[in-house]
Every structure is written in structure tokens, then in C-alpha cells.
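# Got a predicted model here, sequence first, then my questions.
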Amino acid sequence: MDNYSINFGKKERVLNYACQTYQLSRPNKVGAVMSLIRECQPNSFEQWEQWYFSNAYTESKKPIKVTQDSLQELGERLYVKIMEVVRPEWENVFKELTQQDCIDYIYNLTINRTYDGYIREKSIVNDGLAKLFPNIDFQESDPELDHAGDVDYVAKVGQSLIGIQIKPITAKANFGGYSLTERMKESFDSFKEGYGGRVFVILSLKGEIANSEVIDEIKAEIEYLTTGK
């Protein structure tokens with residue numbers, strides 16, 4: 001099978017970090033690419049490329065057509081961010097980084113953050129979801145579940161399952177602007193196809209549900225799976 005992706009070597013990490021940090025490959029910048037390619041069902045790279053530029057629009061309040069010029073502009077913005085922001089920041093970090101920082105980081109990542117995440121999830125489920133939906137039993141997803149990496153908890157509703165993913169945010173985060181990656185969208189769609197119910201993302205702030213609107217969405221899904229309405 002031919003591979004059309006470019007290998008950027010060691011540059012890939014920097015490019016990926018900056019692109020994700022400044023959200024330059026989100027659907028509001030380049031359109032919902034996975035949805036577009038599924039709609040296209042291309043038989044060749046050239047067919048997909050032509051389809052994309054004919055049909056891609058940004059997922060924003062005022063959708064804008066994606067063009068080769070707009071992708072080039074995003075690339076130019078990425079370069080500016082790397083050279084003017086990321087590079088100076090990293091150079092300063094390298095100067096200040098110590099061996100003890102690395103030792104502490106590994107320990108903190110393995111022990112402290114795992115415990116924080118565990119307590120945060122328990123609080124969301126036991127103090128939040130369980131009280132809001134007393135007739136629904138939320139259980140930790142089975143590690144063998146295909147979607148376990150993207151689904152933290154599952155709950156049986158009728159003959160279907162709904163999924164819950166819990167994402168931590170900070171008080172300073174703009175959680176209103178949170179959006180799924182294309183990979184996660186594909187995973188959630190696959191879950192729905194296999195188990196009948198949607199996957200809901202709950203944003204956790206100090207153990208509380210920050211995106212409270214998701215509660216009504218879960219209620220509606222439970223109602224639909226229970227009654228078909």
C-alpha cells in the first residue's frame with residue numbers, strides 16, 4: 001500500500017506540538033477532514049485532494065471555504081509560532097531544566113497524577129452522575145473494550161451502552177472551546193455503531209462537572225434509548 005504522508009523526521013515532534021498547542025489543524029481551521037473523506041470515498045489520492053478543496057469549509061460560526069492559500073497561511077502561522085514563541089520558550093526551559101526536575105516529573109506523572117485522576121473520576125461519577133441518574137449504573141470501562149482508551153465509564157440503558165469520557169481542565173481553561181480530535185470522533189462514532197449509545201465528554205473542574213449542558217444531553221440520550229423518542 002502506498003503511503004502519501006511526508007516523513008518530517010525529528011521535526012515532527014516540534015511541528016505536532018506547536019500545531020496542537022495553537023489549534024491550527026482543528027475543524028474550525030481545516031474542516032472535518034475525516035467526515036469529508038468518508039463522504040468522498042476516494043479511489044485515489046488525487047480524487048480526495050480535488051474533493052477536499054471543492055467541499056471543505058471551516059466549522060465555525062461563519063464557515064469559510066478552505067483553499068490551498070488558506071492552508072499555506074496556516075503553515076506560515078505555524079512557522080511564526082515556532083520561531084517566535086515555541087523556540088524561545090524551549091530554549092529557556094532547557095537552560096533551567098535539572099536532573100531532579102526529570103526525576104520528580106516521572107514520579108509525579110506515575111504516582112501523583114494517576115491518583116488525582118482516579119479521585120477526580122470517582123468524584124464525577126459517585127457525587128455527580130450517580131446522583132443525577134440514580135437508576136443508571138455507571139461502571140468503569142473494561143480494559144478489553146476496543147474504545148477503552150477514549151471511554152472511561154459505560155452505562156447500560158435498555159439494550160444499549162452509553163459512554164463517558166472525563167477530561168480534566170484547569171480554572172483558566174477555555175472549556176467552552178473544547179472540541180474533539182478527528183481520531184476521537186471516529187472512535188466515538190465506532191462506539192455508537194457497536195453499542196447503540198453516544199459517548200459524552202465531561203469536563204471536570206475540581207471534581208465538579210464544568211460543562212453542565214452535557215447533563216441535558218445525557219438525559220435526552222437515555223430517554224431516546226429507553227423509549228425511542
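That came through fine. Fair warning: this is a prediction, and the values are worked out from it, not measured in the lab. Numbers count the residues shown, from 1 in each chain.
# which residues sit in contact with residue 204?
Going by CB atoms under 8 Å, 6 or more residues apart in numbering, residue 204 touches 120, 121, 123, 124, 166, 167, 168, 169, 210. All C-beta spots, glycine's among them, are computed from the backbone N, C-alpha and C.
# From those, list the buried ones, please.
120, 121, 123, 124, 166, 168, 210 (16 or more other CB atoms under 10 Å).
# May I ask you to confirm that the first one is in contact with residue 152?
No. Shown here, residue 120 and residue 152 do not form a contact pair, counting by CB atoms under 8 Å, at 10.4 Å.
# picking that back up, and the buried ones among the contacts of residue 204, which two are the farthest apart?
Distance extremes for these: the farthest pair is 121 and 210 at 14.2 Å, using CB to CB.
# returning to that earlier point: minimum pLDDT in the contacts of residue 204, which residue is that?
Here the lowest pLDDT out of these sits on residue 169, with 78.
# For residue 16, see how far away residue 45 is.
Plainly put, residue 45 is 22 Å away from residue 16 if you go by CB to CB, to the nearest Å.
# circling back to that earlier point, could the contacts of residue 204 be laid out in TSV, adding secondary structure and distance to residue 24?
Output for these, formatted as TSV (DSSP: H, G, I helix; E, B strand; the rest coil; distance: CB to CB, whole Å):
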residue	secondary structure	distance to residue 24
120	helix	29
121	helix	31
123	helix	34
124	helix	31
166	strand	27
167	strand	21
168	strand	23
169	coil	21
210	coil	25
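# With distance to residue 107 as extra columns, can I get those in a markdown table?
As requested, those are arranged in a markdown table below (distance: CB to CB, whole Å):
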| residue | distance to residue 107 |
| --- | --- |
| 120 | 19 |
| 121 | 21 |
| 123 | 24 |
| 124 | 25 |
| 166 | 24 |
| 167 | 24 |
| 168 | 19 |
| 169 | 24 |
| 210 | 28 |
